[in-house]
Structure formats: structure tokens, C-alpha cells
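Participant: have a look at this prediction, sequence included:
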Amino acid sequence: MTDATMAQGMKWLGLIGLALAALVGGILLLPEAPLPAARPVAQALPAPAALAPTAPAPPATPAPVRPSFDVARIGARGMLVSAGRAMPGAEVVLSDAGRELGRARADGRGEWVILPVEALPPGMRELSLTARLAGGEPLTSEDSLLLLVPEPAQPQAAMAVLLPPTSGSAALPRLLQAPAEVAPERQRLGLDIVDYDEQGGMRFAGSAPPGAKLRVYVGRDHAGDAVADGAGRWSLTPDQQPAVGRHMLRVDQLAAAGSVAARIELPFQRELIPDDMLRDGRLIVQPGYSLWRIARRVYGRGPRYTVIYAANRDQIRDPHRIYPGQLFAVPESGTSAESSRSR
């Protein structure tokens, strides 16, 4: 073995010895005291904070529900059956121009039935509802019920129409009881309502088989088309309003091929209350006027006719019968009849 080889071997032995010394020294530097026993993991975690008791949520206050009509039917000799909905437990009052006809309490489902004890006299009248919960404010119905109570000799002419609000609603009048000669169950295609909106425009409504396509004519002029909904009701407001006067209205039910499957023709009278009908708080009754129509034109709501009636009791025996030539005082909108008389 040469000297160089021996020197190289000694060098490697020295490096190995230094590494072993460093390893031994590192082990000797560790603490000689025994390590503490390991604690269970569950003890190392902090105890969960106690949950604060949650107060029960207060019961939700139900939104107020205005009373409404669902059913109205005039029977023999003017006896009325009416039913509808209101807040469960509310006391419902049925009124005719402020005069109570009957009252009932809505059951747990909010349903009520009122059968006035007295028969309604013949003529046109408009009924309304008021409902009140114990300790609550009274709620009045948005819709009103227009009744035509027939003379005893013509019981088949009885009619009941549900009138929607005259403003802020797109709903149309709905027939609850039709005269017997045009009852939907006897004649599927029918014209039930010829009405005026708050701007004085005419609108027609009636019955037909669900989904039926209808074409409406005023005289020989095409007034428009309509489609019956799922309940068999249709309505139309003509773009071109009929002129004032008497007209013949024709409604054609179209078959799939475009032919006429059914047809009805009925006469009607277009009336117009002029814009200057009211002058200095007074008006002269013209043909075609009614207190309900005047109130809707002047006040924007038909039930306000009671204001005009109260201001002219000395001239009006029956609010549903007024005559051309009568001169009526018409209080300002929002002013009671009593304050108008005291001026």
C-alpha cells in the first residue's frame, strides 16, 4: 500500500469519526427527564360553550283579508242567499246602501253564509260587505254585488253581478246569477254583461265553451275577437267604441275551420253621460241616468251613490228609481250630504 493510499484512508476514517461524534453529541443534547404522559385528545379540547336558550318565534300575524262574495242567488219572492269569504272568526255584515240586511260569523276556514230574513223589494240595488275581528278595524269589500230583483210575475229575470273596483283593477264584472233565458247552463254561448268602465267605454262579457274562439260585431262592424277562458267566460272591450244610440250586438262562435258554430244577437242601447253633466254642484236627470252610474262618473265609484241619495231624500223615494227632469244636488267628492246641506 502506498503512502498516498494510506493517507486517503485515514482521511475517510476521520470524516466518519466526526459524523459519529456529531450524531452522538446530538443525542446527548436531548433532555434526560422523562416525557409527560400524553393527555387524551378529548381533554385537550376546550369544553363547548353552553348554548343559550332560543326564545320561540312570535306567531306570524296573518295579512288582513277583505270580505268578498262567492255566491249570490235571488230566489222566489226576492229572498237572497249569499256566501263568501273573510278572515276566520270575523263578523261579516251585508248592507244595502248602508242598511244592514244580515250578519254572520266566518268559520275557521273563513267562510260565511248570510240569508236575509226579509225579502228584497223589486228593483236594482248594490250590496256591500263589512268584516271586523274582535278589537280590530272594520274592513270593507272591494267588490260590490249588483242585484236585479224582479217583479213577482217575472222571477226568471233575477240577476246577480259581481262588480270589481272601478279603478286600479283589471278585473271585469262576473255573472253570479244569470236570467233564466240566457243562463249559461242552458245556452253555452251567451252575452251576460254590457258594462261601462270608468272612462265611459263599453265592454262586453259572456259565456262560451272553454277555449272557444269568438268574433263580436256591433251592427255590421267587426268589434274584435275573444277567447273563452278555462271557466267558460269571455270579455271584450272594443277598440272602436259604438256610437251613442241603439245597436245590435252579434257574437259568433267559430269552429276550427273558421265557420260559424253558434251565434247570438241581442240589441243594446249605448248611453253617454256628458262631461258637463255636473254644473255648480247640481245636475238634471236625463234618460238613461241612474244614481249608481252618476256616482261612478262623478266620484269614480258606484257605491258612492248613497251620498247623492242622502242629499236628495226629499225627491227620491226609491234610490233605484229616478226620473228624467229631476234636479239633484251633488255634494263634492269626500263631502258628506249633511255638510253639503249646511252650506
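Facilitator: Nice, thanks for sending it over.
Participant: residue 136: neighbour count?
Facilitator: 11 (other Cβ atoms under 10 Å). In this view, the C-beta of every residue, glycine as well, is placed from N, C-alpha and C.
Participant: distance check, it against residue 278.
Facilitator: According to Cβ to Cβ, to the nearest Å, residue 136 stands 37 Å off from residue 278.
Participant: can you check residue 163 too?
Facilitator: Distance from residue 163 to residue 278, by Cβ to Cβ: 22 Å.
Participant: neighbour-wise, which of the two wins?
Facilitator: A count of neighbours by other Cβ under 10 Å puts residue 163 above the other of residue 163 and residue 278, at 22 against 16.
Participant: quick check: the more buried one touching residue 142?
Facilitator: No. Using Cβ atoms under 8 Å as the test, residue 163 is too far from residue 142 to be in contact (9.9 Å).
Participant: hang on, residue 217 in a strand?
Facilitator: Yes. Per DSSP: H, G, I helix; E, B strand; the rest coil, residue 217 lies within a strand segment.
Participant: which residues does it bridge with?
Facilitator: residue 222, residue 250 (DSSP bridges).
Participant: same question for residue 94.
Facilitator: Taking DSSP bridges as the rule, residue 94 bridges to residue 102, residue 129.
Participant: can you get me a residue count around it?
Facilitator: 26.
Participant: is it true that it touches residue 102?
Facilitator: Yes. Using Cβ under 8 Å, residue 94 makes contact with residue 102 at a distance of 5.1 Å.
Participant: need the overlap of contacts for those two.
Facilitator: 114, 116 (Cβ atoms under 8 Å, 6 or more residues apart in numbering).
Participant: point out where the stretch 151-300 of the chain drops to low pLDDT.
Facilitator: 166-171, 181-187, 195-201, 269, 271-277, 286-288 (pLDDT under 70).
Participant: the helices in it, which residues?
Facilitator: Under the criterion DSSP state H, counting those that start in this stretch, the stretch 151-300 of the chain contains helices at 291-299.
Participant: quick one: the strands in it?
Facilitator: Secondary structure of the stretch 151-300 of the chain (DSSP state E, counting those that start in this stretch): strands at 159-163, 174-177, 190-196, 202-207, 213-218, 221-227, 233-236, 245-254, 260-270, 282-284.
Participant: just checking, what packs against the third one?
Facilitator: The helices and strands touching strand 190-196, judged by 3 or more Cβ pairs under 8 Å, 6 or more residues apart in numbering; DSSP states H and E, are strand 202-207, strand 245-254, strand 260-270.
Participant: same thing but 10 Å
Facilitator: Where contact means 3 or more Cβ pairs under 10 Å, 6 or more residues apart in numbering; DSSP states H and E, strand 190-196 is packed against strand 159-163, strand 174-177, strand 202-207, strand 233-236, strand 245-254, strand 260-270, helix 291-299.
Participant: between that strand and strand 202-207, how many degrees?
Facilitator: Using axes from the mean of the first three to the mean of the last three Cα atoms, to 10 degrees, the inter-axis angle of strand 190-196 relative to strand 202-207 is 160 degrees.
Participant: which strands border strand 190-196, and is each parallel or antiparallel?
Facilitator: strand 202-207 (antiparallel).
Participant: domain parsing for this structure?
Facilitator: Per the record, the chain has its domains at 66-177, 179-271, 282-341, by automatic domain parsing.
Participant: wait, doesn't residue 134 sit right on residue 88?
Facilitator: No. In this structure, residue 134 is not within contact of residue 88 by Cβ atoms under 10 Å, at 11.9 Å.
Participant: looking at these two, which has the bigger crowd around it?
Facilitator: Neighbours were counted for residue 134 and for residue 88 using other Cβ under 10 Å; residue 88 has more, 16 against 7.
Participant: can you give me the distance of the more buried one to residue 109?
Facilitator: From residue 88 to residue 109 the distance is 7 Å (Cβ to Cβ).
Participant: what's near enough to touch residue 112?
Facilitator: Residue 112 is in contact with 67, 70, 82-86, 88, 90-92, 94, 103-106, 129, 131, counting by Cβ atoms under 10 Å, 6 or more residues apart in numbering.
Participant: just the buried ones from those residues?
Facilitator: Buried members of these, scored by 16 or more other Cβ atoms under 10 Å, are 67, 82, 84-86, 88, 90-92, 94, 103-104, 106, 129, 131.
Participant: identify, from those residues, the entry nearest to residue 249.
Facilitator: Nearest to residue 249 out of these is residue 82 (Cβ to Cβ; 30.2 Å).
Participant: show me what that closest one bridges to in the sheet.
Facilitator: residue 72, residue 114.
Participant: for the remainder of this discussion, apply numbering that starts at 45.
Facilitator: From this message on, residue numbering opens at 45, which makes the last subject residue 126.
Participant: my guess is it contacts residue 139. True?
Facilitator: No. Under the criterion of Cβ under 10 Å, residue 126 makes no contact with residue 139, lying 11.4 Å away.
Participant: what sits in contact with each of those two?
Facilitator: Jointly contacting residue 126 and residue 139 under the rule Cβ under 10 Å, 6+ apart are 145-146, 171, 173.
Participant: any of the residues you listed buried? List them.
Facilitator: Applying 16+ other Cβ under 10 Å to the shared contacts of residue 126 and residue 139 flags 145-146, 171, 173 as buried.
Participant: go through the residues you listed and say which is closest to residue 336.
Facilitator: For these, the nearest to residue 336 is residue 171 (11.9 Å; Cβ to Cβ).
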